[in-house]
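Peer 1: requesting a structural model of the entry that follows:
(2 chains)
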Amino acid sequence: MSDNGRISLLFLFNLILYFLVGEANNSLSALNVSLHLDVLFVLFFGLYIGRSIGLLYTLLFGFLTNASHPVPVGTYLVGYLFLWMFLVWSQHRIRRQNSRHVRSIATIAQVLLIICLSLFLGRQSLGSGSFWQRTFFDLMSSALVVYFLAWPWCRFQHRMLHSMGWNLDAQLTHR
Amino acid sequence: MPRNLTYQVKSLLLVALLLLLWWFTPVFAKRWSGVVFQEFQAPAWTALSYLGDLRSYWTIRTHGKSDLIEAGVDLARLNSAYALRNQRADSIENELERLETFFDLPSYPEYRYEVARVIRRDLTAWWQTLVIRKGLNYGIEPGQAVVFSGGVVGRIVSVNAYTATVELLSSPRFRIAAHFEEDPRPVQFQGGINPALRTASGTVATIPADVVASHKAPLRLTSSRLGGIFPDGLTLGYVYHLEPSPDGLFQSGVVRLDARLQGVREVAVLVPLSPREESEP
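Peer 2: The predicted structure is shown next:
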C-alpha cells in the first residue's frame, strides 16, 4: 500500500472516531454533559507524522469540525492549527514512546483548547457561575477521557501503520 | 538540537502562513467551505440515525404479542379521544373564521407540521443545537418554529439540502416574546446557561409587578405570536419564583424547561402555509 493509502486509512479511522464522539455526546446530552475530545483527532498526526501531511490532515479536520458547529467561520480551524503546533512543539520535549508523556501532553492540549474556546465563545457569560460550573464539568470529564484514550488510540494507529509496512519508530529516530 | 529547532520553527512559520492566508480568504469562500464540509458529513450523521432507528426496531421486535395488543388497545383509546378533540377543534375553528369575517380581522397564520427525526444533539455550555433529518428538500427555512409534545423546542437557524439545525430554547442566544397563561401581557424569555447534570432552564424578564408565582402555584409560560414565529399558547416552561428587578417596576425569574427537551428524538417544524395551500382542503 502506498503512503497516501496508509494516511487515508488513518484519516478514515479518525473520522470514525469523530462520529463516535458525536454519538457519545448524543447520549450524554440527556445529562447536559458534553465531551470535547478534539485533541484525539490530531494527536497522532501532530506527534508522529511528518509536517506537510500532518498539517494538511489537521486543516481537513479543522474544516470538518468547524462546519458542524455554530461558531464564527474558522474558530475550530485556528484552534486545531494551534493544537497541532503545540503537539509539534512538544515532540522534542517529551518521550513519544512513553505513555504518561503522551497522555499528559494530550490532556494539557485539550484543557488549553477548552479554556480558549470558553473565553472566546462564552464572552457574554463569563461572569456567570453556572457557565463556569458547566465548563469545569465538561473540562474535567473531557480531560479524564482524553487521558485514558490518548495512549491506546496512538498505539492503535501506530500498530496499524506498522502492520501496513510503515516503520514509524525508524522514521522518528531519523528526524 | 539546532536542526530540531529549525523543524519546529519551520512548522510555526507554515502555520502562521496558513493563518494569514485564511485571514485574507474572501468571506464567500469561507462560507462555501463551511457548506461543503457540512454537506460532506451530513450523510454519515443521517446513516447513524437510521442505524439507531433500526436498532430501536429490532428492540421493539423482541416485545411479545400481549405487549403489542396492550399498546394497540391504548392507541385505540387515544385515537377515539383525539377524534372527539378534532371535532371540537373544527367547531372552534369555524367559530373563529365566522368572527374574523364578522369583525373583518386578519386571519391567523396556518402551519403545516413537518415531523422530523433528531439525528444529532450538541448541547454545550456555549450553544445548544439539534440537527434534524429534513432540510430544503421538505421546504424548511431558517427562522421557522420547531415544537414537540412538550411545547416549544426552538427555531431553525440553518438549513442544508437534507438536514437542518435547530437552536434550542435552552440556548443562551435564544430570545423570544412570551406571556403567561391567561395573562396576555408580553414578557421576554431568554435561554439560560445550563449547568451539568440538571434540567435545562431559561430566564424570563419584564414581568409586571403584580404577577405572583410560587412552588404551590407555578406559572406556565407560553409562546406569544408577537414575534411572528410561534403560534400562541405553546408551553415554554414553568416559573416557580419571581424576584423584583432593581427599578421595582418589573420582575424576573428562572423558567424550568421540560426535562424531555434534552433527549427529544422527534420534533415538528411549523412550515407556514402559502395562501394557496391554505385554501386547499
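Peer 1: pLDDT below threshold where in chain A?
Peer 2: Scanning chain A for pLDDT under 70 picks out the ranges A:171-175.
Peer 1: tell me the bridge partners for B:Ser252.
Peer 2: B:Glu243 (DSSP bridges).
Peer 1: now do the helices in chain A.
Peer 2: Counting by DSSP state H, one finds helices in chain A at the ranges A:3-28, A:38-47, A:51-67, A:75-90, A:99-121, A:129-163, A:168-174.
Peer 1: look up how far A:Asn14 lies from B:Gln190.
Peer 2: Using C-beta to C-beta, to the nearest Å, B:Gln190 is found at 38 Å from A:Asn14. C-beta here means a position set from N, CA and C on the backbone, and glycine is covered the same way.
Peer 1: when the two are compared, which one has more neighbours?
Peer 2: The residue with more neighbours, out of B:Gln190 and A:Asn14, is A:Asn14; 21 against 17, by other C-beta atoms under 10 Å in any protein chain shown.
Peer 1: so for the strand or helix carrying B:Glu100, mean pLDDT?
Peer 2: B:Glu100 is part of helix B:65-103, with elements assigned from DSSP states H and E. Average pLDDT, helix B:65-103: 92.
Peer 1: following that helix, which helix or strand comes up?
Peer 2: Helix B:65-103 is succeeded, C-terminally, by strand B:111-123 (DSSP H and E).
Peer 1: and that next one, what's buried?
Peer 2: By neighbour count on 16 or more other C-beta atoms under 10 Å in any protein chain shown, the buried set for strand B:111-123 is B:111, B:114, B:116-123.
Peer 1: just want the angle from it to helix A:129-163.
Peer 2: 70 degrees (axes from the mean of the first three to the mean of the last three C-alpha atoms, to 10 degrees).
Peer 1: residues touching residue 99, list them.
Peer 2: Looking at chain A here, since you left the chain open. Counting by C-beta atoms under 8 Å, 6 or more residues apart in numbering or on different chains, A:Ser99 touches A:Trp151.
Peer 1: wait, I meant chain B there
Peer 2: B:Leu105.
Peer 1: now the spatially most central residue of chain A, nearest residue through space, not along the chain?
Peer 2: Residue closest to the average C-alpha location in chain A (C-alpha atoms, centre = their mean): A:Val39, at 1.5 Å. When the adjacent residues along the chain are set aside, A:Val39 lies closest to A:Gln110, with 4.3 Å between them (C-beta to C-beta, 6 or more residues apart in numbering or on different chains).
Peer 1: ok, now A:Gln124?
Peer 2: Using C-beta to C-beta, 6+ apart and skipping the chain neighbours, the partner closest in space to A:Gln124 is B:Pro172 (7.0 Å).
Peer 1: tell me which element the one you found falls in.
Peer 2: Applying DSSP H and E, one finds B:Pro172 in no helix or strand.
Peer 1: about what we covered before: for the helices of chain A, give me a markdown table that also has distance to B:Leu51.
Peer 2: Converted to a markdown table, the helices of chain A look like this (distance: least, C-beta to C-beta, whole Å):
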| stretch | distance to B:Leu51 |
| --- | --- |
| helix A:3-28 | 10 |
| helix A:38-47 | 22 |
| helix A:51-67 | 20 |
| helix A:75-90 | 26 |
| helix A:99-121 | 28 |
| helix A:129-163 | 23 |
| helix A:168-174 | 33 |
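Peer 1: these: which one's closest to B:Pro43?
Peer 2: Each of those has some distance to B:Pro43 by C-beta to C-beta; the shortest is helix A:3-28, at 11.1 Å.
Peer 1: so is that closest one next to chain B?
Peer 2: Yes. Applying C-beta under 8 Å from any C-beta of the partner chain, one finds helix A:3-28 touching chain B at A:15, A:19, A:22-23, A:25-26.
Peer 1: would you mark the buried spots in that helix?
Peer 2: Buried residues in helix A:3-28 (16+ other C-beta under 10 Å): A:6-7, A:10-11, A:14-15, A:17-18, A:21-22, A:25-26, A:28.
Peer 1: need the max-distance pair from those residues.
Peer 2: Maximum pairwise distance in the buried residues of helix A:3-28, criterion C-beta to C-beta, is 32.9 Å, between A:Arg6 and A:Leu28.
Peer 1: check whether the helix or strand hosting B:Leu48 comes near chain A.
Peer 2: Using DSSP H and E, the element containing B:Leu48 is helix B:27-61. Yes. Contact of helix B:27-61 with chain A (C-beta under 8 Å from any C-beta) involves B:27, B:30-31, B:33-38, B:40-41, B:44-45, B:48.
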